[in-house]
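> here is the input, now give the coordinates:
(2 chains)
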There are 2 protein chains.
Amino acid sequence: MEEEAAAAATERRFDESFRREFADLVAWRRDVRRFRPGPVPEATLDLLFTLAAFAPSVGNSQPTRFVRVDDEARREAVRANFEAANRQALGAYCGERAKLYATLKLAGLREAPIHLAVFCDEATEQGHGLGARTMPETRRYSTVCALHTFWLAARAYGMGVGWVSILDPGRLAETLEVPADWSFVGYLCVGWPQEEHLAPELERAGWQARTGHPVIRR
Amino acid sequence: MEEEAAAAATERRFDESFRREFADLVAWRRDVRRFRPGPVPEATLDLLFTLAAFAPSVGNSQPTRFVRVDDEARREAVRANFEAANRQALGAYCGERAKLYATLKLAGLREAPIHLAVFCDEATEQGHGLGARTMPETRRYSTVCALHTFWLAARAYGMGVGWVSILDPGRLAETLEVPADWSFVGYLCVGWPQEEHLAPELERAGWQARTGHPVIRR
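Here you go, the predicted model:
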């Protein structure tokens, strides 16, 4: 009996029913830019942060730093940052593509109740540098895994996350007054989605359809 | 009735039982370096690639390129690449840390039945550059999300994935003869884990314990 209990504590299998639901979670996760009003329960947010901390990290360095942006003046500065970067991005397109770009809604920075800036601490001593010597960018990749875990977990709770990357990272770091060793990875709008969709908004808008990833052999 | 069917097709909610299982998936995912012999079914691999393609990508650019390495001479070159980089990494530690580092098993490159090198096509025209103007690294971050989706899905099938980053990326690209515009993101060993654990191997070995991520306010 003791051996059985020990075995149970060192095994965790998942069945076909869970796999199907997990596939649905992955397929129904969206980059959300349209939020309906309503606060997010603090207990749920805490749970999402806890789950994000289980994400893989190089050398177990756990370099992710979440910055929750509540201050209205800072939020306004982030929106101005986005709008300037988005105007410049629009300027790089011509003709029909430019017209289409101008119609896209690319961030929910006004509507989302929660703003999270996600950084990677490049100077952390956690993990003692293991695995990051030839590829220091793996620290930032670890932060991406934490961000992605947060995103999937949020979707499991019916919440929506939108990743904003149309920002000047240097200006953002100034706005948020973060340590110099922190690299900006992504800015997340978090809240309740207005709608749920199986197809990405950029696909529905005619910007870019799904193609899948090639697998080549060597 | 028709309205109900339409509503059903545009909503997907997850219940508490799924959320608990998803939390277990995240907690029980490990970086696996110890594989038992045995092939991985091709149908399962295909499914993991399909799920990985649902990962978020900047502008829906889907820049991930999987390279499946089967050729024994190339695998040997990858192992030599790892061993050289690992010797150099060991040289950067002193005293007890160096002794501990030398005891760690950091890759399952000999035992894993499947080797996958994961690249990001920096020059893809998919997505038309949307979202990547101020932060071109978001293309590589998209590839990390695809890799992480593959990893979680593999764990749901009882499979193990180990991410090897102790490699010289330039030498690896030469070994695998990939296009010059492809950036190396990670090398995955995939197979059946010898053991399952709730605690990371680096924690069990006394290298680095879990601490969680700080959330600061601004």
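> which residues of chain A score low on pLDDT?
Residues of chain A that meet the criterion pLDDT under 70 lie in A:1-9.
> check contacts around A:Glu195.
By Cβ atoms under 8 Å, 6 or more residues apart in numbering or on different chains, A:Glu195 lies in contact with A:Arg34, B:Thr10. (Each C-beta comes from the backbone N, C-alpha and C, glycine too.)
> can you classify it by secondary structure?
Put simply, A:Glu195 is coil when judged by DSSP: H, G, I helix; E, B strand; the rest coil.
> can you show me the strands along chain A?
With strands called from DSSP state E, chain A shows them at A:35-36, A:64-68, A:114-121, A:160-164, A:182-193, A:215-217.
> quick one, which of these is packed in tightest?
Ranked by mean neighbour count, these are led by strand A:160-164 with a mean of 26 (mean count of other Cβ atoms under 10 Å in any protein chain shown).
> returning to what we had before: make TSV out of the strands of chain A and add distance to A:Leu152.
Compiled in TSV, the strands of chain A are given as follows (distance: least, Cβ to Cβ, whole Å):
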stretch	distance to A:Leu152
strand A:35-36	18
strand A:64-68	15
strand A:114-121	15
strand A:160-164	9
strand A:182-193	13
strand A:215-217	23
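> go ahead and confirm A:Gly186 touches B:Ser142.
No: A:Gly186 lies out of contact with B:Ser142 (Cβ atoms under 8 Å); the separation is 10.9 Å.
> excluding chain neighbours, give the residue nearest to A:Thr143 in space.
Spatial nearest neighbour of A:Thr143, chain neighbours left out: A:Cys120 (4.0 Å); criterion: Cβ to Cβ, 6 or more residues apart in numbering or on different chains.
> mind listing what the one you found touches?
Counting by Cβ under 8 Å, 6+ apart, A:Cys120 has contacts A:Pro63, A:Thr64, A:Arg65, A:Arg139, A:Arg140, A:Ser142, A:Thr143, A:Trp182, A:Ser183, A:Val185.
> ok, is stretch A:177-185 in contact with chain B or not?
Yes: using Cβ under 8 Å from any Cβ of the partner chain, stretch A:177-185 reaches chain B at A:Glu177, A:Val185.
> for that stretch, how far is the first residue from the last?
End-to-end distance of stretch A:177-185 (Cα to Cα, to the nearest Å): 15 Å.
> starting at the chain centroid, how far to it?
17 Å (Cα atoms, centre = their mean, to the nearest Å).
> now do the helices in chain A.
Taking DSSP state H, the helices of chain A run over residues A:2-9, A:16-28, A:42-52, A:72-91, A:95-103, A:137-156, A:169-176, A:201-204.
> which of the contacts of A:Cys120 sit farthest apart?
A:Ser142 and A:Trp182 (13.6 Å; Cβ to Cβ).
> let me know which of the helices of chain A is tucked in deepest.
By mean count of other Cβ under 10 Å, the helices of chain A have helix A:137-156 as the most buried, with a mean of 26.
> OK, contacts around the spatially most central residue of chain A?
By Cα atoms, centre = their mean, chain A has its centre lying nearest to A:Leu147, at 4.3 Å. With contacts defined as Cβ under 8 Å, 6+ apart, A:Leu147 is in contact with A:Ala52, A:Thr64, A:Val118, A:Trp163, A:Val185, A:Gly186, A:Leu188.
> pick the one among the residues you listed closest to chain B.
A:Thr64 (4.5 Å; Cβ to the nearest Cβ).
> partners of the closest one in the sheet?
A:Cys120 (DSSP bridges).
> ok, now which ones touch it?
A:52-53, A:55, A:57, A:118-121, A:142-143, A:146-147, B:213.
> got the contact list for the residue lying closest to A:Phe54 once chain neighbours are set aside?
Counting by Cβ to Cβ, 6+ apart, A:Phe54 lies nearest to B:Val26, which is 4.6 Å off, once chain neighbours are set aside. If you count contacts by Cβ under 8 Å, 6+ apart, B:Val26 has them with A:Leu51, A:Phe54, A:Ala55, A:Thr149, A:Ala153, B:Leu152.
> apply 6 Å and report the result again.
Residues near B:Val26 by Cβ atoms under 6 Å, 6 or more residues apart in numbering or on different chains: A:Leu51, A:Phe54, A:Thr149.
> setting aside sequence neighbours, what's the nearest residue to the first one?
Think A:Leu51. A:Ala153 (4.4 Å).
> the one you found against A:Ala52, yeah?
No: counting by Cβ atoms under 6 Å, A:Ala153 stays clear of A:Ala52, with 7.2 Å between them.
> re earlier: what's the closest of the contacts of B:Val26 to A:Ala85?
Using Cβ to Cβ, those come closest to A:Ala85 at A:Thr149, 26.5 Å.
> hmm, A:Ala52 and the closest one touching each other?
Yes: counting by Cβ under 6 Å, A:Thr149 touches A:Ala52, with 4.8 Å between them.
> and the contacts of B:Val26 as TSV, adding distance to B:Thr134?
Converted to TSV, the contacts of B:Val26 look like this (distance: Cβ to Cβ, whole Å):
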residue	distance to B:Thr134
A:Leu51	29
A:Phe54	30
A:Thr149	24
